[in-house]
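> sharing a model prediction with you, sequence too.
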Amino acid sequence: MIKTWYRILHLGLLIAAGAAPAEAATAAQVVHVRLSMSNVYLLKGARGPVLVDSGSKNEMAPLVAALAEEGVRIEDLRAVILTHGHADHAGLAAEIRRRSGAVLIAGRGDRLMMAAGVNDPVTPTGLFARLILMFPLDARYEPFSADIEVDTELDLSVYGLAGRALPMPGHTPGSLVVVLDDGRAFVGDMILGGWLGGALFPHRAGEHYFHQNVAQNHANIVALAKRPIRQYFLGHGGPVSAQSVRENFALGAVVH
C-alpha cells in the first residue's frame, strides 16, 4: 500500500513538473559526505535536498551530523538515489525512509538483493581484491524495496535536479549513474578513486575491486566517456576528472 502511494505521488509530481517553469530544475550544489565505508552526496536542488547513496547501516549518526552542518535534517530529504544495492551504499536506505518519507530510487536489477538485505557475490578484479575476500565482511543490511525502480532513463527534474538517472548494469545488475546536465556524474562503484579505498591518490581514476560483470562495467565507462562529463563523483575516493578516466582506462580521445 505504501509503495503504491509513493508511485501515485511520484506520478503527480511528474505531471506537475511538466507544467512548472524551466528554472524549477537547476544546477545543484553538491556536498561530499565522507563516511567510514563509502561516500554519500548531498544534492541541494531547487525542490529540496536529495541524497545519492545512503551509507552503511551503522553510520546514521555521522550522516546526521554531516547533514546538520549543511542545515539539512534527515526529515528534510526528498529522495535517496541508490547507485547500487550493496551494504555500504544502501545500508541506511530503509531507516532514512522511515524517518523522512524520502522516496527511494534504485535500479530494478538490484531488487532481489535489496529485498534479501545482503550483498550478491561479486567477481574480484585483481590480487588485492581476492585478499579482501579472505576477511569476514558484514554484507548484511535492513531489507527494503525501492519506491521507484529504474530500468530506463529517469528524469530527475521532479526533484529539482537538472539531470537524469541512467541504468548501467555492470558493477551490479541494478547499478545506476546520476548524470547532471552541467557535466557532473555520480557513478557509485563503477570507478574507484586511488588506492586502499581512496585513502591514497583519491583523484586518480582506477578499477574498482569487485564487479559482477567486469566487461559490462568497462563498456559503461567507455559509454560515459563519450558524454560531456567533466567530473565523476565516486563511491570510494574521488572525485576524478574526465581526463583521469580517459588516461587510466586507456580510452584515448573520445568524441562527445
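Ah, there it is.

> can you tell me the centre-most residue of this structure?
Thr83 (2.9 Å; CA atoms, centre = their mean).

> was I right to think that one contacts Gly188?
Yes. With contact defined as CB atoms under 8 Å, Thr83 counts as touching Gly188 (2.8 Å). (Glycine included, C-beta is placed from N, CA and C.)

> list the contacts of the residue nearest to the centre of the chain.
Listed by CB atoms under 8 Å, 6 or more residues apart in numbering, the contact set of Thr83 reads Val52, Asp53, His89, Ser175, Leu176, Val177, Val178, Phe186, Val187, Gly188, Asp189, Gly235.

> what strand or helix carries the third one?
Using DSSP states H and E, His89 sits within helix 87-90.

> send me that helix as CSV with only the CA atoms.
Provided in CSV are the C-alpha atoms of helix 87-90 (Å, rounded to 0.1, in the frame of the first residue of the first chain):
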residue,chain,number,x,y,z
ALA,A,87,25.5,-2.7,2.0
ASP,A,88,28.0,0.2,2.1
HIS,A,89,25.8,2.2,-0.2
ALA,A,90,22.2,1.1,0.6
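
> in the next helix-or-strand element following it, what's buried?
Downstream of helix 87-90, the first helix or strand assigned by DSSP H and E is helix 93-100. Within helix 93-100, the residues scored as buried using 16 or more other CB atoms under 10 Å are Ala93, Ala94, Glu95, Ile96, Arg97, Ser100.

> and helix 93-100, what other elements does it pack with?
Judged by 3 or more CB pairs under 8 Å, 6 or more residues apart in numbering; DSSP states H and E, the packing partners of helix 93-100 are strand 79-81, strand 103-107.

> sheet partners, orientation included, of the shortest one?
Based on DSSP bridges, the pairing partners of strand 79-81 within the sheet are strand 48-52 (parallel), strand 103-107 (parallel).

> doesn't the residue nearest to the centre of the chain belong to a helix?
No. Counting by DSSP: H, G, I helix; E, B strand; the rest coil, Thr83 is not part of a helix but coil.

> now it: how far from Pro143?
From Thr83 across to Pro143, the span is 18 Å (CB to CB, to the nearest Å).

> what touches both of Thr83 and Gly188?
By CB under 8 Å, 6+ apart, Thr83 and Gly188 have these common neighbours: Asp53, His89, Ser175, Leu176, Val177, Gly235.

> select only the buried ones of those in ChimeraX?
Of the shared contacts of Thr83 and Gly188, the buried ones go into a single ChimeraX selection, burial set by 16+ other CB under 10 Å:
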select :53,89,175,176,177,235
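
> okay, and which of the shared contacts of Thr83 and Gly188 map to helices?
Counting by DSSP state H, the part of these found in helices is His89.

> got a markdown table for the shared contacts of Thr83 and Gly188, with pLDDT too?
Converted to a markdown table, the shared contacts of Thr83 and Gly188 look like this (pLDDT from 0 to 100):
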| residue | pLDDT |
| --- | --- |
| Asp53 | 98 |
| His89 | 98 |
| Ser175 | 98 |
| Leu176 | 98 |
| Val177 | 98 |
| Gly235 | 98 |
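
> now for the shared contacts of Thr83 and Gly188: which two are most distant?
Using CB to CB, the two most remote members of the shared contacts of Thr83 and Gly188 are His89 and Val177, lying 13.0 Å apart.
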